[in-house]
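>>> Here is the input, now give the coordinates:
(chains A, B, C and D)
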Amino acid sequence: MKPPNPEFASQWITLLAAGMLVVQLLMVVQRMLLTNIRLFALQSLMLAGIAVIIAFSHASATHVYWVAGLTLVGKVFVLPWLLSRQVRRIQMEHEIAPLLNASASMLLCGAFTLLGYIVARPFTSLARLGNNTLGVAVTLLLTGFFLMVNRRKALTQVLALLTVENGVMLAAVALTTYGMPLVVELGIFFDLMVAVMVLGLLVYRIRETFSSMDVSKLSQLRG
Amino acid sequence: MVDLPPSTLLQCALCAYMGGALGSLAALRREHLASLVGFGGATVASVCGIGAALLALTGGPAAGATTFELWPSVIPALRLGVKLDPLGAFFVLIVSILALALSVYSFGYARGFYGRKNVGLLGAFYNALLLATTLVFVASNAFFFLIVWEIMALTAYCLVSFEHKEAETRNAGVLFFIMSHLGTGCLILGFLLLFQAAGQALGSYGPDAYSFESFRALGSNLSPGRRDAAFLLFLVGFGVKAGIVPLHIWLPAAHPVAPSNASALLSGVMIKTGIYGLTRVLFDFLGTPPNWWGVTVLTIGTISAVLGVLYALMEHDLKRLLAYHSIENIGIILMGLGAALMFLHTDHPVLASLALIAGLYHTINHAIFKALLFLGAGAVLHATHTRNMEEMGGLIKRMPKTAFFFLMGAVAISALPPLNGFVSEWLTYQSLLQGFGTTDSLVKLMFPLSGAMLALTGALAAACFVKAFGITFLGQPRSEHAAQAREASPTMLLGMGLLTAACVFLGLFPTVFLTLFGPLTQQLLGQPLPGRLILGNGWVLGNTQELGGTVSTLGIVLTGICLLPVPLVLWLFFGRRTQVRIGPTWDCGLRGLTPHMQYSATGFSKPLRMIFKALFRPRREVQREYDYSPYFATTLRFESHIEEAFVTRLYRPLKRSILLTSRRMRGLQAGSIQAYLIYIFVTLLLLLIFAL
Amino acid sequence: MNTALAILLQTLLLLALAPLISGCIKTLKAKLQNRRGPRVWQPYLDLLKFLRKDMVISEHASWVFRVMPHALLLSTLLAGLMMPLVSVSAPLSLFGGVLAFVGLLALGRFFLALGGLDPASAFGGMGSSREMAIAAIAEPALMLAIFTVAIKAGSTNLSQMLLAAQAPTWQLLNPAHVLAFAALFIVLLAETGRIPVDNPATHLELTMIHEAMILEYSGRYLALIEWSASVKQLVLMALLVNLFFPLGIATDLNAGAVGLSLLWFVAKLLVLSALVVLVETTNAKLRLFRVPDLLSAAFILATLALLSTFLFQ
Amino acid sequence: MTPLVPILVVPAAAGLLCLLLRSQRAMELANVLAFAVTLMLSVLLLPAVLQAPYVVTECNEFFRADALSVWMALLISAVSLGSSLYAGRYFQRDLAARAVTPGRVKEFYVLTPLFSAGMFLVVLANNLGVMWFALEATALSSVLLVAIYNRSTSLEAAWKYVILGSLGLALALFGTVFTYAAAIDQRSAAGLPSFNWSHLMSMAGQLDPRMIKLAFVFVLVGYGTKAGLAPMHNWLPDAHSEAPSPTSAMLSGVSLKVALYALVRFHILTTASLGSSFSQTLLLVFGLGSMCVAAPFILVQSNLKRLLAYSSLEHMGLICAGIGLNSPITIFGALLHMGYHALTKPVLFFAAGNIHQTCHTLQLRRIGPGMARVLPLTALCLGLAGAAAVGLPPFGLFFSEVTVLSGGFASGHTAATVLLLAAILASFCGILYQLTRILPGEPKVARSSDAAPLDGVPAMALMLGALLVFSVWLPAPLLEVMRQAARIIGGAP
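Down below sits the predicted model:
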């Protein structure tokens, strides 16, 4: 099948990137943990989509298929399953009140989007597929950061970390037209898996000793 | 003696110190051997040191000029250069003379530590301190100087907190080490300023940009701003070690707690490294000084002298009293140096050399009689196990020889005629007196006024040492310890005897010793020994002016001996048939005098405490307990203490404010992970804005 | 050789003249208080009496107690030998100037104070403590006044100072000299223990300073101490008299000139003694802690003298 | 066959071998042997790097070792060997006191070699992506090491360490991607540019300056967090004080330096592409910031291990400022300081470990005076290492500090150098005051020193001996490798 014209591909990529941003904003306001995990899976699915389109539109970037496949398997199915198993084992459903209420955090995310575009403005002029996905990537990074600060549950912080990871992968895909060398992609993916396992182990241990997932209890070490 | 060049003598002195230190460390278990090896090594080294210094001073300009490396250094910028020039040799002479007397003293003194403390360690630190101090005087580049300066501070800290059982010793040790290291910080900055200028001049920042020769070559073409900054940094850096007034609080805390031979070494030699540093920098590196330098040094000297002796008067801890006197004498030395700086500014080289000689002669005099007094105090402490004068008394009958040596030291430090204190203060008076005529700006008033303050200091020192000697040695023993005191061991007496002989020699034959100052003034001021300093073929000391005042301590003593027959004749004609009866002291008819009826040290200093009330702010509490009638007290508790102005006004608030701000800064690490994430987030945002 | 002779003669002069002066002061004071008072040569008789008496020495005293009188007498005599009494060049003028003079007096006082402390009695301690305190406060004023004169004369050698005073440019009523004289006069009162500072005639514990230190002495030692006290008084008065009113001092050493200058010297001393006696009878003894105010007044006077050396040129 | 690959394989293999072993003695022996071999291999690497091509590469430029990486490899192997020597007796006493379960000890012996293998990969990897991956691996392995003790505080420390660490590494990845993107835009006909550092250095001139600047910002915040630079340092005192002593020795001694090594690689790249002013000022500011933040905490510290952690923060600040001052003398001084600090800090943590196990507390007040009586040899080592850490002359740290200061003056940064010295003096006062509170004097409470006096002393003596020897006599190859590394950082190829 002959590769579609680049114009069509970059439109799809921008659409999917915007989708990822919307999902991210939903996660900021969503209070239920399980829905958050499903939103994360959706976001990863969109990322995989972008990767497929890129691989499809560039003949020589065959290794990007591998990347798309891994993202699909790992981030859409395995990780959410792991995290939801953890949540069910700890029977902790409801997220306690975040630091900033929903409207204030939405306002802040708007500001981050603006900052993302300011940062990415000098680089979008390059003729590259999905030229403004860099702005989305930076915004994803900043909002993921904010999500981590805003929530007090340990597991939510892990999720926030994974969304930041998604932001970085989006930037990787967007900026480098053929994606990063395969060995680097594999390394990053493998690290992500181990990181989630280690985080899961720690969350379990914290749950054991503190009998609650509230991170603000972790403040005995001072001075 | 075979013609040994001074540098080889110096090297064997250094090796002997090193051998003494390692030897006493090796023989850690067997105390007697350790003390023998340690202090024996130090004695041999001091003899070599004296030889090297004398050869360098008397051997003419070529003798000590060679710079040689101890061993090839490994750090690229460091070169272990040693140069025995006249100034260094003079101070090596001081440290070696003292080391000789102290080592001889220490043989007997260390016996007190057998079984109680580790004598091997004492010997090791003692030798290491002497080695580091000798190296400080002969180091020939800034990097090596800073290294041995810090090692000296480290070993001095180990000696000060040698008996670290009591908390007081530990606190004194820490205070000393922190203040001396802050001083070293200023020195590092000062030397780096010179290094920067020398580097620019030489074009390369290699090891020879550190050497003292390139600093000397800088001379006065340093920019004025950099010169003044360097002057202030060196004044503070070396001032902390010398113990000038605002920076002196570690000295009365550290010296008393050290073992006596160590406190003699600290007071006699280590504070002289501060004076050596100031002399080396002010006269060797920084070229002709502006006027305000001399005025500052003279003012600081005067204030240190007066405050030092005033605080000494109020002490009834024998070694703290002597420590405060070190501050006073450092003040007198600074007066000489300050006057010399002012003469250099108004271009009077002859007067400048007189003032410099006065300052340096007082340095060696102070080193000797202060060490003698500390050894005396050590012997008293050794015998009575207490430093508190209120528990002593009547020791002259139990320790006659120590009493005699202490008395000679007291006469010397109070600047009373026949001994060396008087001669160096006489030279200081003469230089201050000449100063009046050198300029016509109002600054010339400073000379006579500081002369008057010097007189006040001398008289107060005399009062203080009448108290120190009188209360400690004369009258009845005030405690059980004092009653059973026994005379010090022969080696301790020999040590003190050596120093007393040195005092008498420097007092009676100043003209013989002053010839050593020729190469010194030649190197520092380019001015040979002033003509009219030594008159009457070596009998009389002049003050370098045509019809100036002269003094001859030797003449005074000989005439005194000629006058001895006067009381003898009176005894022959009238007193031959009289008898001498020993009776009780007049007790106004009471039933005999008890030791507590004598004057106490606190009582002795009461008039002066009332006169200088404004400075001391004395506070006294009297508690009376009585059974039934308020007029018949059963027990009476009296407590009086004075306020250490600098500690309560300056240092304590400073320390409290620093610790307060630091505790407030701890709020940064408050434990919540959200806060830490916010810190990173804010840093990222700021950097992004900065980078755009 | 003639210096040895000069030393001998000056020593004899000092020893002979000193008790006479203190005797005159005592009689003058008695006359002023319109009582008959002792004979002028009474001090000589007292000295002879003490020399012949037995001595009682305290059991607690050490060798310092025995050495002190001799040290005091020798140091005071040496200070006296440096002072040009009758001829301009003093016998020991080469061996020490005014600084050695003050140093020797301080040495004497140092041993006197130690002698007071030795017999472990409260009076000795009190006397020594007060003596040293007052001497310490008097020292800066003494030194500054001497500095003023030395700066004008250009040297600290007493003979040089007198020679400079002979020079025509030396006006007697120059403000610097008047102020310096006043400062030195107050210091004289403090040093010799006269009324406003210390009462020489009494044995009342609270008021005596100089007497308290020598309470334990008796017999020959007391004689030596009394003698050196009067020599010190003579020497200090000579310092005042010769330094500020140098008229009539013999410049060369022939017998006639020396005899005439001796007469001038004794006359001047009597005038100064009269002044001292006048001050003694008109003033009461100051409390101990008011004495520093008096001596700081002396210090201010000396500073003004120093300022006036170049302010009122 | 260059020793590059064995250096990585040997520790990794030892880690996996320990998985199978049962007895603690065997695992300990495996660790010590592995690290001894890596030390020898690093020393073998020295002559190779000092000859003409000055670079050793392996399997077509995937692994690359130049002077800087060999110097880092030496430090890593030295510290790892020291801490593995110490770990044996340390965990036996912990097991006896039931402070830790045998499972966790096994975890320690498996993870420590992987941790150091990760660090070796960081310094030997030529590909920036692989370098990021290696750093992520070290972070993850050390997290579980920090969380060995089951106390709530060590869990808290581990959690903060992993969250802040992973976030930092995510930012660093973003920066790495940016650098690669800058390279992609410039791809000439030669197809996809390789992600190798050497290749990027060769085409540094044409990289887009704006992109490189933004990349360096992200890398600075990312790797800066892992290196514990000032505003991002909050995890450091918690992690280093809660970890077992051998791990905190490795963390403080060398893992901070490895992260700084990665940051310095990017600094060299940025200097090559847009001149030294941008990245050098940032490094200087962050270095000074770390020292000034560390000083107040040292002054009022009440916990012994946190005191040592803040002292590491201060030394890292000095090294970073030294490199930031960017004159040949200061960079050489910074590298020298790295070496001496890597030898000093572990000894301090080992001594703190001994004291912790004897007094069962790290509160300086409750340890109380008189440790010299209770644990004479440990107190001696703590005293000597403390003197070295505060920069007293007989030890090398004084020389490196004065070299950095004189370089700072020589290159005209007078104000910054004065601030540097002030921070050094403040930390001197703080550490000295705290040490003299516990070492001299008589012990208030009678402590039964169940720890045999010779526990852990051979490791401490070995490292202190090395420090003293290298302070007085620095062998020529070491000097040459440091000088060459300084030239690399200074911008020579």
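
>>> drop to CA atoms for contacts and neighbour counts, all remaining ones
Fine.

>>> Surely B:Glu546 touches B:Arg532?
Yes: taking CA atoms under 8 Å as the definition, B:Glu546 is a contact partner of B:Arg532 at 7.4 Å.

>>> who's more crowded, those two?
B:Arg532 (17 against 10; other CA atoms under 10 Å in any protein chain shown).

>>> where's the more buried one relative to B:Phe505, distance?
As judged by CA to CA, to the nearest Å, B:Arg532 and B:Phe505 stand 21 Å apart.

>>> just C:Ile214 next, same as before
C:Ile214 is 33 Å from B:Phe505, by CA to CA.

>>> again, but for B:Val245
31 Å.

>>> now B:Glu166
40 Å.

>>> Same check on B:Gly19?
Look at B:Gly19 and B:Phe505: by CA to CA, they are 32 Å apart.

>>> on that earlier part again, which one of B:Val245 and B:Phe505 has more residues nearby?
Shown here are B:Val245 and B:Phe505; by other CA under 10 Å, B:Val245 has more neighbours (23 against 16).

>>> The more buried one touches B:Ile303, doesn't it?
Yes: here B:Val245 reaches B:Ile303: they are 7.0 Å apart, a contact under CA under 8 Å.

>>> quick check, stretch C:2-16 touching chain B?
No: using CA under 8 Å from any CA of the partner chain, we find that stretch C:2-16 stays clear of chain B, coming within 8.6 Å at best.

>>> I'd like the average pLDDT over that stretch.
Averaging pLDDT along stretch C:2-16 gives 90.

>>> Show the backbone phi and psi for the closest residue to chain A within the stretch 51-200 of chain C.
Here the stretch 51-200 of chain C gets closest to chain A at one residue, C:Ala133, 55.0 Å apart by CA to the nearest CA. As for C:Ala133, its main-chain torsions (degrees, to the nearest 10) stand at phi -60, psi -50.

>>> Now do the contacts for it.
Counting by CA atoms under 8 Å, 6 or more residues apart in numbering or on different chains, C:Ala133 makes contact with B:Leu460, B:Ala463, B:Pro607, B:Leu608.

>>> What segments of the stretch 151-300 of chain D are helices?
D:152-185, D:197-202, D:209-227, D:235-242, D:245-250, D:256-274, D:277-299 (DSSP state H, counting those that start in this stretch).

>>> how far does the last one sit from the chain's center?
If I follow you right, that is helix D:277-299. Centroid separation between helix D:277-299 and its chain, computed with CA atoms, centre = their mean, to the nearest Å, is 17 Å.

>>> How many neighbouring residues does A:Thr62 have?
15.

>>> Mind pulling the model confidence for it?
If you check A:Thr62, the pLDDT there is 75.

>>> doesn't A:Ala55 make contact with it?
Yes: counting by CA under 8 Å, A:Thr62 touches A:Ala55, with 6.1 Å between them.

>>> How about the contacts made by the nearest residue to D:Ala67 once chain neighbours are set aside?
Leaving aside its sequence neighbours, D:Ala67 sits nearest to D:Ala485 (CA to CA, 6 or more residues apart in numbering or on different chains; 5.1 Å). Going by CA under 8 Å, 6+ apart, D:Ala485 touches D:Asp66, D:Ala67, D:Leu68, D:Trp71.

>>> now A:Leu155
A:Val203, A:Met213.

>>> Return the distance of it relative to A:Phe77.
Remark: distance between A:Leu155 and A:Phe77 (CA to CA) = 18 Å.

>>> repeat for B:Leu615
Taking CA to CA, one finds B:Leu615 at 83 Å from A:Phe77.

>>> can you check D:Phe399 too?
57 Å.

>>> What's the local residue count around D:Arg167?
Quick fix: residue D:167 is Leu, not Arg. 27.

>>> excluding its backbone neighbours, what's nearest it?
A:Leu161 (6.7 Å).

>>> Assumed that neighbour was part of a strand.
No: counting by DSSP: H, G, I helix; E, B strand; the rest coil, A:Leu161 is not part of a strand but helix.

>>> moving C-terminal of the least confident helix or strand in chain D by mean pLDDT, what's the next helix or strand?
When the helices and strands of chain D are scored by mean pLDDT, DSSP states H and E, strand D:56-58 comes last with a mean of 82. Next in sequence after strand D:56-58, counting helices and strands by DSSP states H and E, comes strand D:63-65.

>>> can you list contacts of that next one?
For strand D:63-65, the surrounding residues in contact (CA under 8 Å, 6+ apart) are D:Leu4, D:Val5, D:Val49, D:Val55, D:Val56, D:Thr57, D:Glu58, D:Val123, D:Leu124, D:Ala125, D:Asn126, D:Asn127.
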